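Trainee: only geometry, no sequence info:
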């Protein structure tokens, strides 16, 4: 094989490798997006319709919905009234309560409770 033919083969291999590398980079850039608020609302309603509610899933869906809607609301606070600010504050407090509830459910689950109800009596001493 001549030197010219080797150079041609190497250049075609390099271009193929570059194309493959670009395709891999594009696939990495297409990271799976988190589900939309509508999808989480659907999951929330599905959990409510079940006979045996999974409280952890229910709380997580509620938290995600609250967090997403709160983020959208906070972006548009420039001309907000006092009542709207109070509502946003209440939503932030609700979000913190949900976070605490999810943490409590995880703790109860690690203690051996199956599907613990967040409204059950406190286990703190």
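Mentor: All right, it came through fine. All values derive from a computational prediction rather than experimental measurement.

Trainee: Excluding chain neighbours, what is closest to residue 91?
Mentor: Leaving aside its chain neighbours, residue 91 sits nearest to residue 70 (5.0 Å; criterion: Cβ to Cβ, 6 or more residues apart in numbering). Heads up, the C-betas are built off the backbone N, CA and C, glycines and all.

Trainee: Could you measure from the one you found over to residue 84?
Mentor: Counting by Cβ to Cβ, to the nearest Å, the gap from residue 70 to residue 84 is 12 Å.

Trainee: what do you get for residue 55?
Mentor: 31 Å.

Trainee: biggest helix in this structure, by residue count?
Mentor: Determined from DSSP state H, the single longest helix within the chain is helix 82-110.

Trainee: And that one, what's buried?
Mentor: By neighbour count on 16 or more other Cβ atoms under 10 Å, the buried set for helix 82-110 is 91, 95, 98, 101-102, 104-105, 108.

Trainee: Identify, from those, the entry nearest to residue 66.
Mentor: residue 95 (5.0 Å; Cβ to Cβ).

Trainee: so the closest one sits right up against residue 70, yeah?
Mentor: Yes. Counting by Cβ atoms under 8 Å, residue 70 is a contact partner of residue 95 at 6.2 Å.
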